[in-house]
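K.L.:
Using only what follows, build the 3D model:
(chains A, B, C, D, E and F)
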4 protein chains.
Amino acid sequence: MPKRVDRAAKREAILEAAVRVFARKGFAASRTEDIAAEAGIAKGSVYLYFDSRDAVLEGVFAAYAERAGRVLASLGDGPPLERLSALIRGTLGMLAEHPDHARVLVDLWSTAAPLDMAALYRDYREMIGELLEEAGEELRPGIGRAHAVVIVAAIEGCLVQWLVDPGLDLPALAGPVIDVCVEGIRA
Amino acid sequence: MPKRVDRAAKREAILEAAVRVFARKGFAASRTEDIAAEAGIAKGSVYLYFDSRDAVLEGVFAAYAERAGRVLASLGDGPPLERLSALIRGTLGMLAEHPDHARVLVDLWSTAAPLDMAALYRDYREMIGELLEEAGEELRPGIGRAHAVVIVAAIEGCLVQWLVDPGLDLPALAGPVIDVCVEGIRA
Amino acid sequence: MPKRVDRAAKREAILEAAVRVFARKGFAASRTEDIAAEAGIAKGSVYLYFDSRDAVLEGVFAAYAERAGRVLASLGDGPPLERLSALIRGTLGMLAEHPDHARVLVDLWSTAAPLDMAALYRDYREMIGELLEEAGEELRPGIGRAHAVVIVAAIEGCLVQWLVDPGLDLPALAGPVIDVCVEGIRA
Amino acid sequence: MPKRVDRAAKREAILEAAVRVFARKGFAASRTEDIAAEAGIAKGSVYLYFDSRDAVLEGVFAAYAERAGRVLASLGDGPPLERLSALIRGTLGMLAEHPDHARVLVDLWSTAAPLDMAALYRDYREMIGELLEEAGEELRPGIGRAHAVVIVAAIEGCLVQWLVDPGLDLPALAGPVIDVCVEGIRA
DNA sequence: TATGAATGAGGCTTCATTCAT
DNA sequence: GATGAATGAAGCCTCATTCAT
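P.N.:
Model (predicted):
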């Protein structure tokens, strides 16, 4: 009669605890023991669900990537620039709603680990590039796929400034970003 | 008083070595010894010029802040939107020319240390806000100081994407950024 | 009382699994879990049959001691030097047939545990000493009980060399050992 | 003005401390801290001279191998069987004089580490084989190189019994061993 | 009886910092 | 000033053992 434990759920719980800890102290300063304590388990138990402290960070990344993917997938099928605005609002809103994840993102950027952040942003640009392509005539001449990088940048750059200066109102920044990045490229 | 000069020069040399090391391995993974080795001195000697490993990071931040300040100070006195374009080009160019400093910047973001990153970006936005104000009539209605954050974001966000995916051509991104952030806000 | 029998059989099975594991990785590197896995049971179940990991090693020792005793007991009643040769052949053959037990023997030597290895070898020498005594006139003058230690040594020393260099053909070493240790002491 | 330290001497001192500790508790039970304490230094300092705990064991092995080599090298050039007796006496004497090293030898046997014990014993047998060859006519017919293994075995086997039962008088065992292994093979 | 998740003490190792030279 | 050997606190991880199921 084996003890019944929902491994996936427990893993998830640890991951959530880890995000809170990472957000509070940064990954570098977060001890395995901190994570365990936050999750309400013993230090050693973390290793029943993750191979190493780094693996926890990877798990956090995966969770973030999945969440980001869900935002992109939920844009509906309105006009492309409408969807672009929704994407900007959705992303900034999601980040603001999960400030812990957002805070950890910066650690992920600077982690050499094999997290393939590059692919994540490549996909991101790809997706926005598609929207721009689709927008076609609606855009000023000269604006196209190549400008996806700027839109991604505006979003991530807002994130950076918010993290560095939590006084900023992140969701409220969606307005100015849309003013510039959506209205500014309309024909 | 040559002693004083020597001290300052040595400090500077260590700082430069530190930047290279931080850029290579990230701050978290950089050992005092690595910095010393890169600077061609003994481990213990680092402590003759800095109080601690963290103090070195602070020194690096100060150097970065100064360099960034110099870019802002060198914009000349053309028309405001001209100066804005110059600022974008100058900043991205400066970052690309000093990839080591740029790489370290991300570590600085995620460092809890008392580096007052917030002030740096506040000044940055302030400065751009001023330009926007000055541009006045040249801008689309509704565009103003509040949009400085987007311009800073676009720049820093390009930096992020470049760091995460060094395949990107950072200076070349100045074009699209200007298309969106300068041309896009013109009346 | 089938329960009792089952218990003993299970204990035996675990012991056999343990020997295989110890032989493979050495006692120090063998985990309780390895033993359990090899025995096809759960980690915790080992503790239903043994008090501790060390107790398993003690059990293995007891099993070895018993097996060695059986060899000694099976020498028949031919002439003493005949029996000595048989003992040498039997022991080396037994070790070669149970390489796992042999391998573990070395771990037992270096284990401080309360295994009374000393008594085992004392008995061993005692027994061979008896044979030598019995051989009496057949031996060169000056050879006697005191040389039992050399015969035991020759056997165990072959074991050592074989363990350290499995390329050696252990049973084939019986010939040279007998040449020296039996023929060499004959009058 | 660098602090002057004789690295080799310090390494040696740590090695000697390690041998004492290993002999006392066995390698498996010896903690890095024990070694450091025995050497009168701090735990971390061990790592200034060795890469790891295992590396210390390897160092001990190397020291043993060297000492054993020195015994072999000091046999002079008397008649071969004379030299064989000297080798037996020398080896058992050396082991008895360095009981700590001897005790550690057993740990070395059972260590999977890349210590090439096999080569050590191969050389050992080789050397004795040479002596036997050289003895030629002096030996009983049928005795030759192939019996080197038995002589090595007799020596190591005495060591085993002594380690397991320190009551034995190791140097005194040289007599019986020579009776059997030298006198017993003489023509 | 059997399980295997959980525990937490304890080991190895790293490295910022100190300090004798 | 400069050095680098030494320190020892602290972190990651392992694993024997326990115990709820």
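K.L.:
Find the least confident helix or strand in chain A, judged by mean pLDDT.
P.N.:
Least confident helix or strand, chain A: helix A:99-109 with a mean of 87, by mean pLDDT, DSSP states H and E.
K.L.:
Tell me which stretches of chain A form helices.
P.N.:
Here chain A has its helices, by DSSP state H, at A:7-25, A:32-39, A:46-49, A:53-73, A:80-97, A:99-109, A:117-135, A:148-164, A:174-181.
K.L.:
The last one near chain B anywhere?
P.N.:
If I follow you right, that is helix A:174-181. Yes - interface with chain B: helix A:174-181 contributes A:176-177, A:179-181 (C-beta under 8 Å from any C-beta of the partner chain). For every residue, glycine as well, the C-beta is placed using N, CA and C.
K.L.:
export these to TSV and tack on distance to chain C, pLDDT and neighbour count?
P.N.:
Written out in TSV, the entries for these read as follows (distance: C-beta to the nearest C-beta, whole Å; pLDDT from 0 to 100; neighbours: other C-beta atoms under 10 Å in any protein chain shown):
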residue	distance to chain C	pLDDT	neighbour count
A:Pro176	58	97	21
A:Val177	54	97	25
A:Asp179	61	96	19
A:Val180	59	96	26
A:Cys181	56	96	26
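K.L.:
which one of these is nearest DNA strand F?
P.N.:
Distance to DNA strand F across the residues of helix A:174-181 next to chain B (C-beta to the nearest atom of the strand) is lowest for A:Val177, with 36.6 Å.
K.L.:
And chain C, is stretch A:41-54 touching that?
P.N.:
No - using C-beta under 8 Å from any C-beta, stretch A:41-54 never reaches chain C; the gap is at least 12.6 Å.
K.L.:
and the end-to-end length of stretch A:26-41?
P.N.:
20 Å (C-alpha to C-alpha, to the nearest Å).
K.L.:
average pLDDT for that stretch?
P.N.:
When pLDDT is averaged over stretch A:26-41, the result is 95.
K.L.:
buried residues in it?
P.N.:
Across stretch A:26-41, burial judged by 16 or more other C-beta atoms under 10 Å in any protein chain shown covers A:26-28, A:30, A:32, A:34-36, A:38-39, A:41.
K.L.:
Most tightly packed of the helices of chain A?
P.N.:
Of all the helices of chain A, helix A:148-164 has the most neighbours on average by mean count of other C-beta atoms under 10 Å in any protein chain shown, namely a mean of 26.
K.L.:
how much does it deviate in direction from helix B:148-164?
P.N.:
100 degrees (axes from the mean of the first three to the mean of the last three C-alpha atoms, to 10 degrees).
K.L.:
Against which helices or strands is helix A:148-164 packed?
P.N.:
Packing contacts for helix A:148-164, counted by 3 or more C-beta pairs under 8 Å, 6 or more residues apart in numbering or on different chains; DSSP states H and E, involve helix A:80-97, helix A:99-109, helix A:117-135, helix A:174-181, helix B:99-109, helix B:117-135, helix B:148-164, helix B:174-181.
K.L.:
If we ignore the residues flanking it in sequence, what's nearest A:Leu15?
P.N.:
Counting by C-beta to C-beta, 6 or more residues apart in numbering or on different chains, A:Leu15 lies nearest to A:Gly59, which is 5.1 Å off, once chain neighbours are set aside.
K.L.:
Ok, A:Leu168 next?
P.N.:
Nearest-residue entry for A:Leu168: A:Trp162, 4.6 Å, with adjacent residues in sequence omitted and distances by C-beta to C-beta, 6+ apart.
K.L.:
Now do the contacts for that neighbour.
P.N.:
A:Trp162 makes contact with A:95-96, A:102, A:168, A:170, A:173, according to C-beta atoms under 8 Å, 6 or more residues apart in numbering or on different chains.
K.L.:
Also A:Glu183?
P.N.:
B:140, B:184.
K.L.:
circling back to that earlier point, how about the helices and strands packed on helix A:148-164 in a markdown table, adding distance to C:Leu87?
P.N.:
Below are these laid out as a markdown table (distance: least, C-beta to C-beta, whole Å):
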| stretch | distance to C:Leu87 |
| --- | --- |
| helix A:80-97 | 80 |
| helix A:99-109 | 69 |
| helix A:117-135 | 70 |
| helix A:174-181 | 90 |
| helix B:99-109 | 72 |
| helix B:117-135 | 82 |
| helix B:148-164 | 74 |
| helix B:174-181 | 90 |
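K.L.:
among those, which is nearest DNA strand E?
P.N.:
With distances scored as C-beta to the nearest atom of the strand, the stretch of these nearest to DNA strand E is helix B:99-109 (13.6 Å).
K.L.:
Other residues contacting the closest one?
P.N.:
Here helix B:99-109 makes contact (C-beta under 8 Å, 6+ apart) with A:106, A:109-110, A:160, A:163-164, B:19-20, B:22-23, B:26-28, B:57, B:60-61, B:63-64, B:67, B:95-96, B:115, B:117, B:159-160, B:162-163.
K.L.:
Please repeat the previous calculation with a cut-off of 7 Å.
P.N.:
The contact list for helix B:99-109 (C-beta atoms under 7 Å, 6 or more residues apart in numbering or on different chains) reads A:106, A:109-110, A:160, A:163-164, B:19-20, B:22-23, B:26-27, B:60-61, B:64, B:67, B:95, B:115, B:117, B:159, B:163.
K.L.:
That's all I had, so thanks and see you.
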